[in-house]
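K.L.:
pasted the sequence and its predicted model underneath.
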Amino acid sequence: MVTASDRYGRFSIVIHWSTLAILVAVYACIELREMYPRGSEIREALKTWHYMLGLTVFFLVGCESRHVCSGRFHQSFQKPQGGS
């Protein structure tokens, strides 16, 4: 059985799960801001965090795209030796 770590490199796996975690945080920030009155410091802080985390996702997607285009994305496309 081929696992994800056999098919994808550590870099790709870390970027993938980091992007997911940050996307959850981006969504949480913009949803939580609705709980606070307009103009409050916490609401403005959540909007700022939403923006900064969004830029982080943009950066991570750029890193992953560069990694894929470099040709080092997949460790190997060969099937494991032995068996059928």
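P.N.:
Ah, there it is.
K.L.:
report all helices and strands that the top helix by length along the chain contacts.
P.N.:
Assignment by DSSP state H gives helix 41-69 as the longest helix of the chain. For helix 41-69, the packing partners by 3 or more CB pairs under 8 Å, 6 or more residues apart in numbering; DSSP states H and E come out as helix 10-32. Where you see a C-beta, it was placed from the backbone N, CA and C, and this is true even at glycine.
K.L.:
which stretches of the chain have low pLDDT?
P.N.:
Along the chain, segments meeting pLDDT under 70 span 1-2, 4-6, 72-84.
K.L.:
so what's the spatially most central residue of it up against?
P.N.:
With distances taken as CA atoms, centre = their mean, the residue of the chain nearest its centroid is Thr19 (1.0 Å). Residues in contact with Thr19 (CB atoms under 8 Å, 6 or more residues apart in numbering) are 57, 60-61, 64.
K.L.:
skip the chain neighbours and tell me the closest residue to Gly54.
P.N.:
The shortest distance from Gly54 to any non-neighbouring residue, by CB to CB, 6 or more residues apart in numbering, is to Val26 (5.5 Å).
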